[in-house]
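# here's a sequence, model it:
(one chain, ligands or ions: 1)
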Amino acid sequence: MKYISTRGQAPELTFEEAMLTGLARDGGLYLPAEIPVMSHDEIAALAGLPYEEIAFRVMWPYVSGSFTEQEFKDIIARAYEGFGHDARAPLKQLNENHFLLELFHGPTLAFKDFAMQLIGQLFQVALKRRNDRVTIVGATSGDTGSAAIEAFRGLDAVDVFILFPHGRVSEVQRRQMTTPADSNVHALAVDGDFDDCQAALKDMFNDFDFRDGVKLAGVNSINFARVLAQIVYYFSSAVSLGAPHRKVSFTVPTGNFGDIFAGYLAKRMGLPIDRLVVATNQNDILHRCLSGEGYFKGDTIPSISPSMDIQVSSNFERALYYAYGEDGSAVAQLMDELKRGGFNVSQGAMEALRESFDSGRVSEDETLTTIKHTLAHSAELVCPHTAVGIKVAEEQRAVAVPMITLATAHPAKFPAAVEKASGEHPPLPSRMSDLYERPERVTRIANDLGALEDHIKGHIAE
Ligand SMILES: *Cc1c(COP(=O)(O)O)cnc(C)c1O
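Down below sits the predicted model:
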């Protein structure tokens, strides 16, 4: 499989090259040159298979040529062996026709583990073969950093440095970043806010001497390998509810549009998905856009579902690429307009988006009420992101088609909001109940590019 850029001006790459590169040289995002299609019989044959086997069959056409079958099977096995549930992504029934897809049984209790754990193993195998190593630097407001640390800890081809804003992440999130004991893991508490961390990261990528010197690599959500891993659970859950013989719909708590875009690819691959519903919190640029109001940036307002507090959804560019008939220059032009504040979507592209996507927006109060109601009526304690999804799904679901809402994080990751809404304190799963006792290892560091770069250069393995 060859990979092409959404802006049409970057060289075609293999899967492995696209994964190691991340962002395309023309500023665009990589996509497969063709979306592979699975036949009705191939999809039907997935029913009852272990998650790992479904993962292999769904992802293989995207990666073949970069890995052998056996390599890829071993990569998948290692990626998911640390999950706390044998089904990996179990389905729970909320009411007659509404189901919750639990994506929080990975090591850091959020769905990002599905992609990060796989990408860690993919990097390790690819880099070993090239006899190479990289330095991964990420900036996080919470979930992505801990998922990256868990994915890369102990891998000898990689050093991982995570910048987080000192004093501004939850205690669970901080401890998940500071308690891994592996020597290739480096948690850096920056004296600044999340935007400072992200700006420092960007400056490092633009400092070419530093970038080449430490072989800097990124694993943020624009990396196509992350999208790829997320396609799998759309198949596993739909098949367990009767696909391809009947249709299903999905509602997805959305920030950067990575998770729901994986659902779009599943649909294009032949999975009979009726509706893909985007659920946003008060940071609702996607809901406004899908309602026909154009794609215009506002100010980010902090919410109780912080992993969705996003104004520009980086992966939406991929959906626009298909909505604009795979016209890279049209996408490049839109992204230019976005730099100046935003753009209106053409009528044709709007129709294309509406063929697959619906959307809804949920206020802070509604989020709290939904947590409370879901506990009372379905005996499930859900995280605030998941509650945003449940609320929108209940508004949008059609009686005839089962609705699957993605449960993106474990309630124990956001204990304050959950307790406020429900009066119940969500306990950590037993496998990490000693999180509060484990020793922390963290370097507090000034919000200063030179200091950060010196620290990283001084701490990478030779
Ligand atoms: C990252 C995240 C989201 C948003 O996912 P996107 O792929 O960015 O749309 C939703 N919920 C939780 C808990 C997350 O960590």
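
# of all residues in the protein, which one is nearest the centre?
The chain has K112 as the residue nearest its centroid, 4.8 Å off, counting by C-alpha atoms, centre = their mean.

# list the contacts for that residue?
Listed by C-beta atoms under 8 Å, 6 or more residues apart in numbering, the contact partners of K112 are 106, 143-144, 147. The way it works is simple: take the backbone N, C-alpha and C, and place the C-beta from them, glycine included.

# against N223, how distant is it?
Per C-beta to C-beta, to the nearest Å, K112 is found 12 Å from N223.

# same check on L49?
27 Å.

# pick out whichever of these two has more residues nearby.
Taking neighbours as other C-beta atoms under 10 Å, L49 and N223 compare with N223 leading, 23 against 15.

# that one is in contact with I119, isn't it?
Yes: N223 lies in contact with I119 (C-beta atoms under 8 Å); the separation is 6.8 Å.

# overlap in contacts of those two?
What both N223 and I119 touch, as defined by C-beta under 8 Å, 6+ apart, is the set M19.

# what residues are up against A148?
The neighbourhood of A148, defined by C-beta under 8 Å, 6+ apart, consists of 116, 136, 138, 140, 160, 162, 219.

# again, but for L228
Residues near L228 by C-beta under 8 Å, 6+ apart: 59, 62-63, 115, 118, 262.

# neighbour-wise, which of the residues you listed leads?
Within those, most neighbours by other C-beta under 10 Å means A115, with 26 neighbours.

# can you verify my assumption that that residue contacts F224?
No: counting by C-beta under 8 Å, A115 does not reach F224; the two are 10.3 Å apart.

# spell out which residues of this structure are next to the ligand.
By the rule C-beta under 6 Å from any ligand atom, the part of the chain lying against the ligand is 110, 112, 143, 221, 253-259, 307-308, 385, 408-409.

# just the buried ones from those residues?
110, 112, 143, 221, 253-259, 307-308, 385, 408-409 (16 or more other C-beta atoms under 10 Å).

# low-confidence stretches in the stretch 301-450 of the chain?
Nowhere does the stretch 301-450 of the chain drop to pLDDT under 70.

# where strands are concerned, which of the residues of the chain next to the ligand count?
P253 (DSSP state E).

# which stretches of the stretch 51-200 of the chain have low pLDDT?
Applying pLDDT under 70 to the stretch 51-200 of the chain flags no residue at all.

# taking it, what residue is nearest to the ligand?
The stretch 51-200 of the chain approaches the ligand most closely through D143 (3.8 Å), counting by C-beta to the nearest ligand atom.

# please look at that residue and S305 and confirm they touch.
No: using C-beta under 8 Å, D143 is not in contact with S305, being 11.1 Å away.

# OK, contacts around G342?
Contacts of G342 (C-beta under 8 Å, 6+ apart): 294-297.

# filter those residues to the buried ones?
Buried, going by 16+ other C-beta under 10 Å: Y295, out of the contacts of G342.

# isn't I456 right next to G213, touching?
No: using C-beta under 8 Å as the test, I456 is too far from G213 to be in contact (9.7 Å).

# of these two, who's got more company?
I456 (21 against 14).

# on the three-state scheme, the more buried one is what?
helix (DSSP: H, G, I helix; E, B strand; the rest coil).

# just the pLDDT for it.
pLDDT, I456: 97.

# can you pull out the helices in the stretch 251-400 of the chain?
258-268, 285-288, 316-323, 328-339, 347-356, 364-378, 384-396 (DSSP state H, counting those that start in this stretch).
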